[in-house]
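Novice: sequence-free structure coming up:
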């Protein structure tokens, strides 16, 4: 909260609880520079300025500028008035403060103000000796209190501290801020953050404007060599500068990485806290040692090729084993081990698979080849992985050389697909036969159960098999075909409603659950068809509606009859 006393302003700070911190961390918090009166004045200047006025008499006004917190008077009748303005002082007009020269919008002090609350993301940079302190907070200023006639000059500002950074060369500490009630009353406490490379505000790309104070002081610190100017407007935006400065304080080699255009590695470090420690040494003191086990020419080739980290790991692994492989080979090897799981499941060594596919590529017909070798080998890798996937499903033994490495990959793949389709058809036919055989007792039971029911103009038909239900769904264009297996297994019951004069033609279908309750009853397209003459949706015929009521009554009576038989 701001305090005003004869134009002197300062920020009220809650007591700080530091008993849970280490001595070094406690020293960081206690040495953190406090915001003074000049800081408060600059923070106030970060907000949209307004000039609130009160009309004292005709042409005379008392004005108050929210930017410099000074009051002055305007007399439009006096041409010699040093505060004389050319435009009329009216609500919504613009004017210039004679003290701070800010161009601001006039607001009537006696007029109810709404929507004048404003919030900003504020970062204040402070430098003490060789230490850089960053104070990050969401600051809100509310002008709505100026709407009363006796408005107070004290601005209503709330400061919500988010993070505090302490940066020194080779080390950084970041503290999250919270509040709790302790024996000292309402107290602020600071928690050291483990993942130090983080943004100042937890809400990412917030809609609030971001403001900086004293950022020019960084020119006299070790951060002037951070190299942030090389990556601005790229993968570092204004929302990530504190993240970048923290990373540079911990790893000074970051400057070299940005200048060498190691964009993907810098992004991994800043955004994912991923150091790629297998290939990079962020604690290195020189560029030569930044990439592990690589020569300068290799590094140059890797950067020009924009080689991903996982490919570099493969390249370094081959190099340690004494195998000299080019980056193209390493890309394909990485692609196989990362994405082609069927090749691994088949027990085929990725190196042998690549050597085999390179031979296949040499003999590929021109009409089937891709434009370049890279696209062609990727196509063959996908084809080979699909072949391995299908082969495993149909029981191929990839320990046999002629199975693992067929002479004609395309022909072997097509044969595997053909065999798989044949086996699938056989499996489905066998399942259908078994289901039909198991359904026969249920079919007889259903025929016996519903034989005793009759209704004028309607004939109930029990489906003979699953195929008849599927055909019913196709004829009526409804989803009843998906209920075939459930009907045959006894989960639900499907019955066909036919006209006695045409028992072979689909008309309506009804579903009954195992508690003998009608679940649904639908005809062609679930009665969603519109009448071509009226354009209205067709409804169920009255005979079907009457049938549903009568049939449900009959089902209920059958349940009562069954209960009486069991009781007797």
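Specialist: The structure has been received and is ready for your questions. It should be emphasised that the depicted structure is a prediction, and the values quoted were computed from it without experimental measurement.
Novice: Point out where this structure drops to low pLDDT.
Specialist: 1-15, 79-87, 110-114, 145-156, 184, 202-206, 231-239, 529-535, 537-538, 566-568 (pLDDT under 70).
Novice: What's the first helix or strand after the longest helix anywhere in it?
Specialist: Using DSSP state H, we find that the single longest helix of the chain is helix 409-450. Downstream of helix 409-450, the next assigned helix or strand under DSSP states H and E is strand 459-461.
Novice: ok, and what's touching that next one?
Specialist: Here strand 459-461 makes contact (C-beta atoms under 8 Å, 6 or more residues apart in numbering) with 450, 453, 495-500, 503. In short, each C-beta sits where N, CA and C put it, glycine included.
Novice: Next: stretch 504-517.
Specialist: By C-beta under 8 Å, 6+ apart, stretch 504-517 touches 472, 475-476, 478, 480, 483, 490-499, 518-523, 540, 544, 548, 551-552, 555-556, 558-559.
Novice: Now do the buried residues in it.
Specialist: For stretch 504-517, a neighbour-count test (16 or more other C-beta atoms under 10 Å) marks 506-512 as buried.
Novice: And the furthest pair within those?
Specialist: Farthest pair in these (C-beta to C-beta) is 506 and 512. Separation: 17.9 Å.
Novice: Give me the domain ranges for the chain.
Specialist: Domain ranges of the chain: 2-192, 210-320, 345-419, 452-567, per automatic domain parsing.
Novice: Show the end-to-end separation of the shortest one, please.
Specialist: Think domain 345-419. Distance across domain 345-419, first residue to last, is 20 Å (C-alpha to C-alpha, to the nearest Å).
Novice: chain center to it: distance?
Specialist: Relative to its chain's centre, domain 345-419 lies at 36 Å (C-alpha atoms, centre = their mean, to the nearest Å).
Novice: Likewise for the longest one?
Specialist: Its chain's average C-alpha position is 35 Å from that of domain 2-192, according to C-alpha atoms, centre = their mean.
Novice: Also the second one?
Specialist: Computed by C-alpha atoms, centre = their mean, the separation of domain 210-320 from the middle of its chain amounts to 25 Å.
Novice: Then the last one?
Specialist: Taking C-alpha atoms, centre = their mean, the mean C-alpha location of domain 452-567 is offset from the chain mean by 46 Å.
Novice: what separates the closest residue to residue 181 other than its chain neighbours from residue 403, distance-wise?
Specialist: Among residues not flanking residue 181 along the chain, residue 187 sits closest, at 7.1 Å (C-beta to C-beta, 6 or more residues apart in numbering). Counting by C-beta to C-beta, to the nearest Å, the separation of residue 187 from residue 403 is 72 Å.
Novice: Then residue 163?
Specialist: Applying C-beta to C-beta to residue 163 and residue 403 gives a distance of 60 Å.
Novice: Please say which of these two ends up with more neighbours.
Specialist: residue 163 (21 against 17; other C-beta atoms under 10 Å).
Novice: show me the contacts for the more buried one.
Specialist: Residue 163 touches 134, 136, 174-177, 193, 198, 200-201, 242, counting by C-beta under 8 Å, 6+ apart.
Novice: Nearest to residue 418 among the residues you listed?
Specialist: Of the contacts of residue 163, the one sitting nearest to residue 418 (C-beta to C-beta) turns out to be residue 198, at 55.8 Å.
Novice: Would you mind measuring from that closest one to residue 384?
Specialist: Distance from residue 198 to residue 384, by C-beta to C-beta: 43 Å.
Novice: Compare those two (neighbour count), which wins?
Specialist: residue 384 (27 against 20).
Novice: Reformat the domains of the chain as CSV; add distance to residue 332.
Specialist: Converted to CSV, the domains of the chain look like this (distance: least, C-beta to C-beta, whole Å):
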stretch, distance to residue 332
domain 2-192, 40
domain 210-320, 9
domain 345-419, 6
domain 452-567, 43
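Novice: between the ones you listed, which one is nearest to residue 433?
Specialist: domain 452-567 (10.1 Å).
Novice: what about the closest residue to residue 481 other than its chain neighbours, how many neighbours?
Specialist: For residue 481, ignoring the flanking residues on the chain, the nearest one in space by C-beta to C-beta, 6+ apart is residue 473 at 3.1 Å. Residue 473 has 18 neighbouring residues, counting by other C-beta under 10 Å.
Novice: Ok, residue 127 next?
Specialist: For residue 127, using other C-beta under 10 Å, the count is 17.
Novice: Going by neighbour count, list what's buried in whichever strand or helix holds it.
Specialist: Per DSSP H and E: residue 127 is located in strand 117-128. Residues of strand 117-128 classed as buried: 118-127 (neighbour count, 16+ other C-beta under 10 Å).
Novice: Taking those together, which two end up most distant?
Specialist: Every pair of the buried residues of strand 117-128 checked by C-beta to C-beta; the farthest is 118 and 127, at 28.4 Å.
Novice: can you give me phi and psi for residue 60?
Specialist: For residue 60, the backbone dihedrals (degrees, to the nearest 10) come out as phi -120, psi 130.
Novice: list the contacts for it?
Specialist: So residue 60 contacts 73-77 (C-beta under 8 Å, 6+ apart).
Novice: so it bridges to which residues?
Specialist: Beta bridges link residue 60 to residue 57, residue 75, judged by DSSP bridges.
Novice: how close does it sit to residue 168?
Specialist: 57 Å.
Novice: swap in residue 408?
Specialist: Distance from residue 408 to residue 168, by C-beta to C-beta: 66 Å.
Novice: Check residue 536 too.
Specialist: 78 Å.
Novice: who has more neighbours, the two?
Specialist: Under the neighbour definition other C-beta under 10 Å, residue 536 and residue 168 were set side by side, and residue 168 has more, 16 against 8.
Novice: partners of that one in the sheet?
Specialist: In beta-bridge terms (that is, DSSP bridges), residue 168 pairs with residue 171.
Novice: Would you mind confirming that it makes contact with residue 129?
Specialist: No. If you go by C-beta atoms under 8 Å, residue 168 and residue 129 don't touch, sitting 9.4 Å apart.
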